[in-house]
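Asker: Here's a sequence, model it:
(one chain, ligands or ions: 1)
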Amino acid sequence: MMDAVADYFAEQIAAGPRARDGAERRRIRRHENVGIHGNLCSFRAHLGMAKPPVFDFACECGTLGCRERVLLTVDEYGTALEPHEPYVMLREHAGEGEAASLGATASLVG
Ligand SMILES: [Zn+2]
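Answerer: As a prediction, this is how the structure comes out:
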């Protein structure tokens with residue numbers, strides 16, 4: 001499904017626009033991840049899956065050009081959507097400061 005959507009919009013995605021800074025990149029990746037998360041939750045409910053599906057969500061760090069992915073269940077990613085909405089990123093991209101571990105390789109920051 002996600003590949004079909006990406007294929008459909010491949011030309012527009014390649015043409016841009018591009019994030020101008022790290023903050024904008026974070027917002028764009030968050031927006032994409034939230035949409036995917038919603039689709040996965042819908043599929044899970046429709047199929048009656050007891051076990052949460054796992055997906056490689058985009059790293060939400062502020063590094064322009066980062067293409068890393070973080071493997072999380074939809075329930076784990078859902079914790080990033082709780083109030084104060086911290087960003088999800090590859091643990092190595094979390095930098096210094098407050099971060100909580102999430103899944104095997106991710107951190108919640110912010
Ligand atoms: Zn990153």
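
Asker: Which element, helix or strand, includes residue 108?
Answerer: Using DSSP states H and E, residue 108 sits in strand 106-109.

Asker: ok, is that strand in contact with the ion or not?
Answerer: No: contact of strand 106-109 with the ion (CB under 5 Å from the ion) is absent, the minimum separation being 10.2 Å. For glycine as for every other residue, the C-beta is placed from the backbone atoms N, C-alpha and C.

Asker: and that strand, how far from the chain's centre?
Answerer: Distance of strand 106-109 from the chain centroid (CA atoms, centre = their mean, to the nearest Å) equals 11 Å.

Asker: same question, stretch 75-92
Answerer: Distance of stretch 75-92 from the chain centroid (CA atoms, centre = their mean) equals 8 Å.

Asker: What average pLDDT does it get?
Answerer: For stretch 75-92, mean pLDDT is 92.

Asker: Put the alpha carbons of that stretch into CSV.
Answerer: Coordinates of each C-alpha in stretch 75-92 appear next as CSV, following Å, rounded to 0.1, in the frame of the first residue of the first chain:
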residue,chain,number,x,y,z
ASP,A,75,1.8,0.9,19.9
GLU,A,76,5.4,2.0,20.5
TYR,A,77,5.0,4.8,17.8
GLY,A,78,1.7,5.7,19.4
THR,A,79,3.5,6.8,22.6
ALA,A,80,5.0,9.6,20.5
LEU,A,81,1.5,10.9,19.8
GLU,A,82,0.6,11.3,23.5
PRO,A,83,0.5,14.8,24.9
HIS,A,84,3.7,16.9,24.4
GLU,A,85,4.3,14.8,21.3
PRO,A,86,8.0,14.0,21.5
TYR,A,87,9.8,13.2,18.2
VAL,A,88,10.9,9.6,17.4
MET,A,89,14.5,9.2,16.1
LEU,A,90,17.2,6.7,15.8
ARG,A,91,18.9,6.5,19.2
GLU,A,92,22.3,7.7,17.7
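
Asker: Could you check that stretch and say which residues are buried?
Answerer: Residues of stretch 75-92 classed as buried by neighbour count (16 or more other CB atoms under 10 Å): 76, 77, 80, 86, 87, 88, 89, 90, 91.
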